[in-house]
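In: I would like the atomic coordinates for the input below:
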Amino acid sequence: EYRGLVKHTGGCHCGAVRFEVWASTDLHVFNCNCSICTKKQNRHFIVPASRFKLLKGADNLTTYTFNTHRAQHTFCKTCGVQSFYTPRSNPDGYGIAPHCLDDGTVQTIVTEDINGKEWEKAVKEHKTIRNMSKP
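Out: Take a look at the predicted model:
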């Protein structure tokens, strides 16, 4: 369906939340050191909203926001796992937790540290992050 991409499936720990996402088999994952990402160990890759589909569990999601309230930290009400969220850097896309993907579709993961403690500066200086949610 999407040229050069594969359909990954995934979800939370208890299975109440399931999704599919079209992305490369080789993932570019961000490791952010902001206050919430550090506490949650939130490593994620970014995709356009058009490449993400929630298959089940919309009624089992809850959202946490803070500070600017632009990032929407969604997580399962039952098991507490955040398998995806709406990042502040890309409010028109999704940040997907690669560790919540089902086995078999990821070939490699490259991790890039990003200085979320100085979010505005880091995003301004990053060459591509804001465009990662563009189709």
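
In: alpha carbons only for contacts and neighbour counts from here, please
Out: Noted.

In: List the buried residues of the least confident helix or strand in the chain by mean pLDDT.
Out: Sorting the helices and strands of the chain by mean pLDDT, DSSP states H and E puts helix 119-125 at the bottom, at a mean of 86. Under the neighbour-count criterion of 16 or more other Cα atoms under 10 Å, helix 119-125 has 119, 123 buried.

In: would you put the C-alpha positions of stretch 96-104 in CSV?
Out: In CSV, the C-alpha atoms belonging to stretch 96-104 read as follows (Å, rounded to 0.1, in the frame of the first residue of the first chain):
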residue,chain,number,x,y,z
ILE,A,96,5.5,4.9,18.0
ALA,A,97,7.3,2.9,20.6
PRO,A,98,9.3,0.3,18.7
HIS,A,99,9.3,-2.1,21.7
CYS,A,100,5.5,-2.3,21.3
LEU,A,101,5.6,-3.7,17.8
ASP,A,102,4.9,-7.3,17.2
ASP,A,103,8.0,-9.4,16.3
GLY,A,104,9.0,-10.1,12.7
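
In: Distance from the chain centre to it, please.
Out: Stretch 96-104 sits 10 Å away from the centroid of its parent chain (Cα atoms, centre = their mean, to the nearest Å).

In: mind showing which ranges of this structure have poor pLDDT?
Out: Applying pLDDT under 70 to the chain flags the ranges 1.

In: residue contacts, the nearest residue to T63 once chain neighbours are set aside?
Out: Of all residues beyond its chain neighbours, the one nearest T63 is T74 (4.3 Å), with distances taken as Cα to Cα, 6 or more residues apart in numbering. If you count contacts by Cα atoms under 8 Å, 6 or more residues apart in numbering, T74 has them with 61-64, 82, 84-86.
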